[in-house]
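J.: Build me a model from this:
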Amino acid sequence: MGTISRDNKKKRRILGVRTKFLLSYISILAIVVLVMNTYPIIISRNIVFKSKQISLVSTANQIGIALGTLDHLTTSGASGVIRILDTEPLSRVTVVNSDYDILYHDVKPGDLALDNNAQSLIFDALNGNDAFESHFSSGVFNSGASVPISVNGAIKGAVYVFEHDADEGAIILALQRNLGSVSVILTLLTLVIGVVYSRTFTGRITKLLDGIQTVREGEYSYRVDEQGHDELTDLAEEFNSLTHRLQVNEETRRRFIADASHDLKTPLASIRLLSDSILQNEDMDTGTVHEFVTDIRNESERLARTTGQLLDLTKLDYMINSTREAVDCSSVAESAVRMLKPIAADKRIDLAANYSESCLVLASEEDIYQIVVNLTDNAIKYTDKGGSVSLAVTKANGSVSIKVSDNGNGIPDADLPYIFDRFYRVDKSRNSDAGGSGLGLSIVKSTVEKHGGSVTAQRGSNGGMIFIVQFPLYSSDKK
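T.: Residues are numbered from 1 along each chain as shown. This next block holds a predicted model:
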């Protein structure tokens, strides 16, 4: 079975979009053209019908009123009255008595025979009703009207008038032809515009598809150059933003692989070297053995820290939730500070803490402890000897705040947007003791957000950093 190439797939998709676009465009155009060629004609004919109804009924009434003045409705009397009236526009004038005897029948060239429609109109008039009928056929308006002839309140007969009007019919036909010509020109013009526009539209989609396929193949530096102010431009901007993010993540991932490899390989190599030295040197004195074993323990602790952070990230990735309960952040922070005090003292750093009462949040005690330790340990690590680090746990406006600040070296403005990204390290060197593995702040952010909180970082006025974690204040009234 043959396979379809990527270019053929792309061409098929573009042709599919273009075809659907053109079909939609043509469908709308067909509806517009149909309405344009029918609605004005219908309206024009209805206006003519209404005009003729008013005109013919009025003319028939004038003749009827004149005939109503006769004492007796006779053939000679009807002829005499009609002869003095203006019936020039009419094709036929017919006068009948109440017995349907034709007293006067004036037929002009172009008239049609007295058909069933005319007879029906006359019968309606003999029953005391004004009657009218008109239809448009073969470019001609054929209209008839009939009214009763009343003498002293009694119906003595009826007048029927008929008009065969080809002039107004010609106007309607000319309008129809003009609309048809305009429709043809409009259709051709809009089709050309539609084809050009659809090619332009699908061409922009093609650029986006090319970009997506290029990025899918690993070229994260690719950007789409899109001009305009529409949704496709917004889509292109979002695509560029996404590819930029992917590029940053890919660079961070590669850097992390190198860093993690070094962080894991270096202590393993040290442990192996130290252990081999002990095993191969049977005459090694006790002090040297003790020193080597101490170094092995320190290297194993480094391995434990790195693998522990990777396991923490794995738990967060798979949404492995710890038990949530009401936790007093002040109590947890106090325990963390007690553990970190010796580390701060070893660097001659003043570690100050301030705790408010009843700072309860719905979380895991282990997670809160990890957040406080990570942020405070980072502050100590990046503060020079003789500096200061402060921790404050407060509550206000329905939230609990954990604030860690220092007067250390701070973080460059260019790095601030990325410090919570996984694997990101401000210190690009591979010294684990100084720079860490780039996982601590990512773990903090993911853990905080897991419990519905937020974390922000900003430069302090003294050049150090301020990290603020906020959680909703827990109340026994809400779970």
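
J.: How far does the longest helix belonging to the chain sit from its chain's centre?
T.: Criterion DSSP state H: the longest helix present in the chain is helix 6-68. Remark: helix 6-68 is offset 35 Å from the chain centroid, using C-alpha atoms, centre = their mean, to the nearest Å.

J.: what do you get for stretch 407-422?
T.: Remark: stretch 407-422 is offset 34 Å from the chain centroid, using C-alpha atoms, centre = their mean.

J.: residues of it that come out buried?
T.: Within stretch 407-422, the residues that count as buried by 16 or more other C-beta atoms under 10 Å are 407-408, 410-411, 418-422. C-betas here are computed from N, CA, C, even on glycine.

J.: Tell me the helices and strands packed up against the longest helix of the chain.
T.: For helix 6-68, the packing partners by 3 or more C-beta pairs under 8 Å, 6 or more residues apart in numbering; DSSP states H and E come out as helix 75-83, strand 92-97, strand 131-137, strand 140-151, strand 154-165, helix 167-216.

J.: any weak-confidence spans in the stretch 51-200 of the chain?
T.: Within the stretch 51-200 of the chain, the ranges that satisfy pLDDT under 70 run 107-114.

J.: Quick check on the most centrally placed residue in the chain: phi, psi?
T.: Among the residues of the chain, the one closest to the centroid is Glu231, at 8.5 Å (C-alpha atoms, centre = their mean). The phi/psi pair for Glu231 (degrees, to the nearest 10) reads phi -60, psi -30.

J.: gap between it and Glu238?
T.: In this view, Glu231 and Glu238 are 10 Å apart by C-beta to C-beta, to the nearest Å.

J.: Just the angle for the longest helix of the chain relative to strand 92-97, thanks.
T.: Angle, helix 6-68 to strand 92-97, by axes from the mean of the first three to the mean of the last three C-alpha atoms, to 10 degrees: 50 degrees.

J.: where do the strands sit along the stretch 251-400 of the chain?
T.: Along the stretch 251-400 of the chain, counting by DSSP state E, counting those that start in this stretch, strands occupy 325-328, 350-355, 360-363, 388-396, 399-406.

J.: Of those strands, give the one that comes closest to Arg92.
T.: Of all these, strand 399-406 sits nearest to Arg92, with 95.3 Å by C-beta to C-beta.

J.: That closest one packs against which elements?
T.: Judged by 3+ C-beta pairs under 8 Å, 6+ apart, strand 399-406 is in contact with helix 329-346, helix 365-381, strand 388-396, strand 465-472.

J.: how big is the angle separating the longest one from helix 365-381?
T.: I take that to be helix 329-346. Angle, helix 329-346 to helix 365-381, by the same axes, to 10 degrees: 30 degrees.

J.: Would you check how far apart the residue nearest to Leu173 when sequence neighbours are not counted and Pro40 are?
T.: Nearest residue to Leu173 in three dimensions, chain neighbours excluded: Gly139, at 4.8 Å (C-beta to C-beta, 6 or more residues apart in numbering). Look at Gly139 and Pro40: by C-beta to C-beta, they are 16 Å apart.

J.: No more questions from me, cheers.
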